[in-house]
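Peer 1: Provided below are the primary sequence and the corresponding predicted coordinates.
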Amino acid sequence: MRVDTKIFEEAADSFNSLAGYAESFSGKNLKLIGATADQILATQYYWNGVLKYFNEFNMPFWIALNSFNAVEKDKLTGTQPWETARDYIELMQFNYQVAEKGFNGSLEAMNNYHRGQLNKAFAAWFNTIFNIDGDDFADVAAGQAKLIENVVATYPQAIRDIKPEFGFHFEEDGYVKMAETERFSLYQVLPTDKKVRVRENGKPIVIIPPYVLGPNILCFLPHENKSYVHGFANQGTPTYIRIMKNIDVTSAVQAMTGEDDARDTRYFCEQVKTEHGRAVTLNGFCQGGFIAVTNLLSGELDGLVDALITCVAPIDGTRSKSLVEYLNHLPPRFRDLGYAVKTLPNGNRVVDGTVMSWVYKLKSMEKEAPLFSFFRDLIMFDRSNNDDMKISKTAAAINHWLVYDRSDLPEAITKMSFDSYTVPVEKDGTLPIKLFDRKLNFKRIKEKAIKFLICYAEKDDLVDKETALAPLDYIDAEVTAFPKGHGAIATSWSNPESACALHTRFGDQNCRGPVRFQLDLDRETDKSVSPRPKKKAAPKSVKG
């Protein structure tokens, strides 16, 4: 009897096919179970992230609420009820406008993120069902869970971990305290390049950092060759940085006035000029530039300072389109610095730094709303392999500065900046503030033959070009335009290998960076004056 083997072969093929389908089905089920677990994990991270971003954004609101209630208690007694009702209705309308901007910005960010994720999901399902090469739904689910974990947990940890590398660490070598007052310390910044020696008879520079967010941005990542102050020091320039003492524990800082600031700057410039035998270049960054200008215009620095550099400095805040528009929409009753002021246990009043930073977020709500920020970060870190996410030191350091460097501010100093944003400079160049009961006028810079360099950022969304260049309406000054945004001069361009390095000329206009400006001044004004013999003594200090 002859057996037809073809039947057995077909049966075997059918059995193998069934076994293959069963194995494939089983594998897909296992992947589905794993994907479900990853989706549950992703959902937990997702809502944790949403709540975290909302909590961080709203925290200043609860702080500001106490000051708001205290100020309103006083205003309610001196305001007609109908005026109060009108003001609160206008405030509600203002809040709706801010919320609308935040809502629209958040919707756009959510749409951009979820559209990308939806495309990935569709492709993954097709790859899974038809056994096409590429990421399947399990890979996509695992990647999404890892992405959200990176944003919610890994990224904040990287920001915290960058602290030892970011900013000034005066307890380490490389800094020498030269002098101090009750409010400030003056440190000399030494070169990080061991081949460079400080020119003791070189033209010195004193750098004034902003009160808001502090000085660390000017010493961004010194060991990565990204540091504004070391850009000067590594060229051999005698470089000094003025550092405000801890406002939380220093009553003299809490009660500081503009006059105190000017007197302390004068004292430091006297010490530096005596040390090096040369007049000082005063360099203010951001708010520090505004403070440096007021100090110079007060006359307190006459005979001590012969050059001025301002970098992204809000000289006339009324020319800041976005902030002025924000303030114009705010009812007049609430344009009061008192809403950000808190009274300390010792009776001193300071401006809450967290609340002040929040104001800048509110004016750019379409880019600062918590949901927008959350989805922006998700999009920023979304990549093909979320398991191998590398966070750049630059990104971590910038966010460390924004998150952890906020501090309270002296009320009188903040009032100076507040006035500059609400009262324009007069037609003759007179500023809206006084120091020592003296008028401050830009023309004094010309009268004293001060060399003046103004640096601004072309894409600055914090200090508008018109705000930084306001002095040009009254006096002549050299202007240097840097690409990118507000902090780029201190971060991107502080690298000496960058396209717009601070010690070079660059751009179509052959602009001078601030370090190049200082080096050229050094050669032009060199009188070959030898400094007094240097003695390593305790830092000088003065009270008052």
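Peer 2: Arrived safely, thanks for sending. Numbers count the residues shown, from 1 in each chain.

Peer 1: List the contacts of the residue nearest the centre of the chain.
Peer 2: The residue lying closest to the centre of the chain (C-alpha atoms, centre = their mean) is residue 402, at 5.1 Å. Going by C-beta atoms under 8 Å, 6 or more residues apart in numbering, residue 402 touches 213, 357. Heads up, the C-betas are built off the backbone N, CA and C, glycines and all.

Peer 1: Confirm it sits in a helix?
Peer 2: Yes - counting by DSSP: H, G, I helix; E, B strand; the rest coil, residue 402 is found in a helix.

Peer 1: in the stretch 1-150 of the chain, which spans are helices?
Peer 2: For the stretch 1-150 of the chain, the helices defined by DSSP state H, counting those that start in this stretch cover 5-77, 81-129, 137-149.

Peer 1: Mean neighbour count, these: which tops it?
Peer 2: Mean neighbour counts were compared across the helices of the stretch 1-150 of the chain using mean count of other C-beta atoms under 10 Å; the top stretch is helix 137-149, at a mean of 22.

Peer 1: between it and helix 81-129, how big is the angle?
Peer 2: Orientation of helix 137-149 against helix 81-129 (axes from the mean of the first three to the mean of the last three C-alpha atoms, to 10 degrees) gives an angle of 150 degrees.

Peer 1: Which strands or helices does helix 137-149 pack on?
Peer 2: helix 5-77, helix 81-129, helix 370-381 (3 or more C-beta pairs under 8 Å, 6 or more residues apart in numbering; DSSP states H and E).

Peer 1: Apply 6 Å and report the result again.
Peer 2: Contact here means 3 or more C-beta pairs under 6 Å, 6 or more residues apart in numbering; DSSP states H and E; on that basis helix 137-149 packs against helix 5-77, helix 81-129.

Peer 1: for the record, mean pLDDT for the first one?
Peer 2: When you say that, I think you mean helix 5-77. Average pLDDT, helix 5-77: 74.

Peer 1: pretty sure residue 350 is in contact with residue 408, am I right?
Peer 2: Yes - the criterion here is C-beta atoms under 6 Å, and residue 350 meets it with residue 408 at 4.3 Å.

Peer 1: Which one of the helices and strands packed on helix 137-149 lies nearest to residue 170?
Peer 2: helix 5-77 (28.9 Å; C-beta to C-beta).

Peer 1: Helices along the stretch 151-300 of the chain, start to end?
Peer 2: Here the stretch 151-300 of the chain has its helices, by DSSP H, counting those that start in this stretch, at 155-161, 228-233, 251-254, 258-276, 287-297.

Peer 1: Redo the ones you listed as TSV? Include mean neighbour count, distance to residue 209 and mean pLDDT.
Peer 2: Listed next are the helices of the stretch 151-300 of the chain as TSV, based on neighbours: other C-beta atoms under 10 Å; distance: least, C-beta to C-beta, whole Å; pLDDT from 0 to 100:
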stretch	mean neighbour count	distance to residue 209	mean pLDDT
helix 155-161	16	21	93
helix 228-233	27	9	98
helix 251-254	19	14	97
helix 258-276	21	12	98
helix 287-297	26	5	97
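
Peer 1: Switch those over to a markdown table; also include distance to residue 432.
Peer 2: Listed next are those as a markdown table, based on distance: least, C-beta to C-beta, whole Å:
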| stretch | distance to residue 432 |
| --- | --- |
| helix 155-161 | 38 |
| helix 228-233 | 29 |
| helix 251-254 | 24 |
| helix 258-276 | 12 |
| helix 287-297 | 11 |
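
Peer 1: And the strands in the stretch 401-544 of the chain, which stretches?
Peer 2: 409-410, 430-435, 438-441, 451-457, 478-482, 505-506, 511-512, 540-541 (DSSP state E, counting those that start in this stretch).

Peer 1: what comes up buried for the second one?
Peer 2: Taking 16 or more other C-beta atoms under 10 Å as the basis for neighbour counts, the residues of strand 430-435 that come out buried are 430-433, 435.

Peer 1: and what of the third one?
Peer 2: Residues of strand 438-441 classed as buried: 440-441 (neighbour count, 16+ other C-beta under 10 Å).
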